[in-house]
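Student: Can you look at this prediction? I've put the sequence above it.
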Amino acid sequence: MPEAEILPNRSLSGLKKREWITQLSAIAEEFGSFEDLGGRHFATRIDGDETLLVSFETVQGIQLHSDIGQPLGWDMVRDKGWSHLCLVSDGDTWFRDPQVYALFDRLTDEGYFEEYERVIFYGAGPCGYAAAAFSVASPGAIVLAVQPQATLDPRVTEWDNRFAHMRRTSFTDRYGYAPDMMDAAHQGYVLYDPAEDLDAMHAALFTRPNVTKLRLRYMGDALQGDLVEMEMLAPLLTLAAEGGLTGAAFARLARARREHPAYMRGLLGHLDAHHRPYLALLLCRNVVERMHAPRIRRRLDGLEKAAAAGEFTPPPQSRNGNGGAAAQKA
C-alpha cells in the first residue's frame with residue numbers, strides 16, 4: 001500500500017494540547033478508530049497488515065521525539081504497513097487506570113489480538129512498564145521495553161526514590177507486576193544502561209527464561225530519545241518482529257553510538273570519574289577527528305594543557321590520525 005494511502009505525514013507539532021488531540025483523533029478515525037479513556041488516557045487504532053504494534057506513549061513524549069508531533073508507532077505504519085494500537089497518557093501514569101484495564105479486557109474478549117500473526121508491545125520508562133504489564137493480554141506476543149520499571153510497589157522497590165508520588169497508586173491489582181505479566185510473552189527484550197543503578201535494579205527483576213537483556217552502557221537515563229536520534233528504534237522493532245533480534249544483531253546496531261555525542265560524553269564522564277586522563281585524551285582525539293563536538297573539543301584542550309604541564313604522560317599521536325586503537329574500541 002503506498003504511503004499516502006496509509007497515513008498522512010502532515011505535522012501536528014506545535015499545536016496546543018486540545019487541538020492536537022482533536023486533529024490526532026480525526027486522523028485515527030479516518031484510518032481506524034479513536035477512543036477516549038477518561039481524563040488522562042486515550043487510544044488510537046490504525047488498520048494495516050497482519051503485524052500489530054501496540055505502543056505506549058505520552059503526549060509529552062510524542063511532542064518531544066517526533067518532528068511532526070505524531071506517535072512514534074505511526075512511523076512503523078507508514079514504513080512497514082503494520083497495524084497499530086497506541087495507548088497515550090497525559091504525563092507519566094504507568095497506565096494504572098481502570099479504563100485502560102477495561103480496554104484490554106474488552107480487546108481480549110473480542111479476540112482482537114488473535115487476528116494478527118505477530119503482536120509487538122513497545123514502550124519506554126513508565127510506558128515500558130505498561131508494555132510489559134499489558135502484554136499478558138496477548139499471550140505469545142513480543143515485548144520490547146526500554147528502561148522499564150518492574151513495579152513501583154514500595155514493598156518491592158522501596159530503593160527507587162524517583163517516583164515517590166506514585167507510592168499510593170496500586171501496582172498489586174490487575175496487570176500489576178510487570179515481570180510476571182511477561183511470562184506469557186513469546187520473547188521479551190529489556191534495554192537499559194547498566195551504569196544507571198536504578199534502571200539496572202529494575203532490569204534485574206525481569207530476569208526470566210524468555211527475556212533477553214540488551215545493554216547500552218554509558219548511554220544514560222533517556223534511552224528512547226537516543227534510540228530515535230541514532231535511528232535505532234525502527235530497526236529494533238523490525239528485528240524483534242521478525243525474530244532476528246539476537247545479541248549479535250543488537251551489537252551491530254549499537255555501533256551507531258560511536259557517532260552519537262551523548263554516548264561519547266557518557267564514556268568520557270566514566271573515564272574522568274575513574275581518573276583515566278590518558279584514555280580520556282585518546283577518546284577526545286578520536287571524537288574530534290570524526291565529528292563536530294565542541295564540548296569534547298574543549299575537554300581535549302584541557303587535557304592537552306594538563307599533559308603539557310606534566311600532570312600526566314600523554315599518549316603519542318596515532319599514525320593513522322584516528323586517536324589510537326583504544327579509542328577506536330569506544
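Tutor: Perfect, I can see it now.
Student: Find the centremost residue of this structure, please.
Tutor: Gln224 (3.3 Å; Cα atoms, centre = their mean).
Student: ok, it touching Ala124?
Tutor: Yes: because the distance of 3.7 Å satisfies Cβ atoms under 8 Å, Gln224 is recorded as touching Ala124. C-beta: built from backbone N, CA, C; applies to glycine.
Student: what's across from the nearest residue to Ala141 once chain neighbours are set aside in the sheet?
Tutor: Distances taken as Cβ to Cβ, 6 or more residues apart in numbering place Val119 nearest to Ala141, at 4.2 Å, with adjacent residues excluded. Beta-bridge partners for Val119, by DSSP bridges, are Leu52.
Student: from memory Val119 sits against Pro139, does it?
Tutor: No: with contact defined as Cβ under 8 Å, Val119 and Pro139 do not form a contacting pair (9.5 Å).
Student: quick one: which of these two has more around it?
Tutor: Counted by other Cβ atoms under 10 Å, Val119 and Pro139 do not tie: Val119 has more neighbours, with 27 against 14.
Student: Next one, pLDDT for that one please.
Tutor: What the model reports as pLDDT for Val119 is 98.
Student: Domains in the chain, by residue range?
Tutor: Following automatic domain parsing, the chain resolves into domains at 3-256, 261-328.
Student: Could you say which of these is packed most deeply?
Tutor: Scoring the domains of the chain by mean neighbour count under mean count of other Cβ atoms under 10 Å gives domain 3-256 as the most buried, with a mean of 19.
Student: residues in contact with the residue nearest to Ala141?
Tutor: Thr51, Leu52, Val54, Phe113, Ser138, Gly140, Ala141, Ile142 (Cβ atoms under 8 Å, 6 or more residues apart in numbering).
Student: quick one: it from Ala137, how far?
Tutor: Per Cβ to Cβ, to the nearest Å, Val119 is found 9 Å from Ala137.
Student: what's the helix or strand for the residue nearest to the centre of the chain?
Tutor: If you go by DSSP states H and E, Gln224 is part of helix 223-229.
Student: No further queries at this time; thank you.
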